[in-house]
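J.: I'll drop the sequence and a predicted model, then ask my questions.
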Amino acid sequence: MSLQQDGVANQANTDGSLVLLDPGTEEKRLLRKLDARILPFTCALYLFAYLDRTNLGNARLQGLPEDALGGDPTGALFDWVNAAFYITYILFQVPWTILSKYHSPRLWIGGSAILWGLCSTLMSTANNFPQLLVARLALGVCEAAFGPSVVLYFSFYYTKTEYGTRVAYWFGFAAVAGAFGGLLAYGIQNAEVLIAHWRLLFLLEGLPTILLGTLCLFILPGRPESTDFLTPAERKLAIERINRGTSSDIGATVNYAHVVAAFLDWRVYVAGIIYFGLNCALGSLSAFLPTIISTMGFGSVALSQLMVVPPYAAAGLALVIFSYLSDKMRTRGLFIVAGCTFGGIGYLILLGVTHNQHVRYFSTFCVAIGTYVSIALVLAWFTHNLGSETKRATGVPLFGAIGQCGSILGSHLYPLTEGPAYRRGFGTSGSLMFLAAICALVLSVSYRWENRRRDDLYGEPELDERVDTSVLADKALSFRYIP
């Protein structure tokens, strides 16, 4: 087999012979190849996943309560429809993510996308509260198989110095979804169609998901040791890369001792507190930001939909910048502390400034930036720090499930009867953001202390050396945490 067929980078000498390029060049080529195949599809899917779970905020302004909820004068029925998604999403995250290790990632991710796309599309046919409720519950079941599994999937191919930026690209599409959803809702609001605007919104956001999910069944790479997307040489390099500073599983296996270890790890529950506060902000932001902005007096409903776009765009840009810096500096905790504090300040402004609407609008930028940056970094932080694949597959959805309870709380913090001040909602969300900042600081200090303790007792390991985490996961003596 030739060097080209082996997938090994080479170049021609002046005498016509071939010489190997340096390993760094090979690795850059592999990384570009992985990015070109993995990121477009996972990011596009997350765009539509987030649109499908959060489009209620825009649908509310397009007549959904009047058409399907009997007017809903108090907003209580809307709150329950919004919260229903998170109930099943919480319950199914951990079992679905553990089960995903027994299946090919492309089949698991693609299949879940097809199913939640169907659920979202069928929401356009709902005529009453029970039908909307059932559709949202089913949407939560299907999307629970997607988000945490993608976070795990990225760890199959990206090292700890690349992972944060890739999660930022992926999670940044939640911010893109907020901006795109506002633009789409603005366009639909001004369109003359034969069906209700909110029904068209659900259709336009659900049907493309089914198509994308079908494409993923055939295009996404499977696990690195078995995918035919890579050449044998590339597979060898990919496996070597993901064993730097840790070790990966080979094949579809689950280490049940590590499942138990994840449930017994106190840091997972502290991460759950952080994630609870962030998701309270995120859940309320996505569902109620159009309504909150509409109370600022910027004009028509359509303009309020459009004014949602800039905060999300700013959040997406900040997310990529700070995640890149976090990867380069090999630290997450202090960036999370800063993000949570910035978001908390935004809520304090909303709480304290009642008449200057431009300042209040600026505060929505603070909340969006702080929330999105912190969530992406928490996901990247724990994906490495849990040590093994199985502990990741359990710990990440476990703290995610705890955190999504915050989304349920956020769904009930902004009843129409408390607008436009929403003092309870802003006060609760802001307090939780500051609590999240304190918890992130505690975790960062604990990781630094544990790294120093292991260095003193067992010596400082070589940077990125392979660490056998198959037995002890992150408790392996040579394993070092990202603080």
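T.: Thanks, I have it.

J.: Tell me which residues of the top helix by length along the chain come out buried.
T.: Once the chain is assigned using DSSP state H, the helix that runs over the most residues is helix 423-458. Burial within helix 423-458, assessed by neighbour count using 16 or more other Cβ atoms under 10 Å, is assigned to 425-426, 428-430, 432-444, 446-447, 450-451, 454. The way it works is simple: take the backbone N, C-alpha and C, and place the C-beta from them, glycine included.

J.: swap in stretch 243-256?
T.: 243, 245, 246, 247, 248, 249, 254, 255.

J.: Quick check: the two most widely separated of these?
T.: 245 and 254 (22.0 Å; Cβ to Cβ).

J.: re earlier: distance from the chain centre to the longest helix of the chain, please.
T.: 20 Å (Cα atoms, centre = their mean, to the nearest Å).

J.: Residue 282: neighbour count?
T.: The local packing of residue 282 (other Cβ atoms under 10 Å) involves 28 other residues.

J.: Repeat that for residue 26.
T.: Neighbours of residue 26 using other Cβ under 10 Å come to 18.

J.: packing partners for the helix or strand hosting it?
T.: Element membership of residue 26 [criterion: DSSP states H and E] is helix 23-54. When contacts are defined as 3 or more Cβ pairs under 8 Å, 6 or more residues apart in numbering; DSSP states H and E, helix 23-54 packs onto helix 105-123, helix 129-143, helix 147-154, helix 160-189, helix 197-219, helix 232-241, helix 266-294.

J.: Taking helix 23-54 as reference, get the angle to the longest one.
T.: Inter-element angle recorded for helix 160-189 and helix 23-54: 40 degrees (by axes from the mean of the first three to the mean of the last three Cα atoms, to 10 degrees).

J.: how about low-confidence regions in the stretch 201-350 of the chain?
T.: 248, 250-251, 286-288, 290-292, 295-302, 304-305 (pLDDT under 70).

J.: again, only using 80
T.: Applying pLDDT under 80 to the stretch 201-350 of the chain picks out residues 245-252, 283-308.

J.: and residue 461, what does it touch?
T.: For residue 461, the contact set (Cβ atoms under 8 Å, 6 or more residues apart in numbering) comprises 467, 478, 480.

J.: Likewise for residue 442?
T.: residue 270.

J.: and what of the one 5 residues further on?
T.: When the contact criterion is Cβ under 8 Å, 6+ apart, the partners of residue 447 are 333, 385, 481, 482, 483.

J.: roughly how far apart are the second one and residue 396?
T.: When distance is defined by Cβ to Cβ, to the nearest Å, residue 385 is 10 Å away from residue 396.

J.: who has more neighbours, the two?
T.: Taking other Cβ under 10 Å, residue 385 and residue 396 do not tie; residue 396 has more neighbours (28 against 25).

J.: average pLDDT across the helix or strand that one falls within?
T.: Using DSSP H and E, residue 396 maps to helix 389-410. For helix 389-410, the mean pLDDT works out to 92.

J.: Tell me how far it lies from the chain's centre.
T.: The answer for helix 389-410 is 11 Å, by Cα atoms, centre = their mean.
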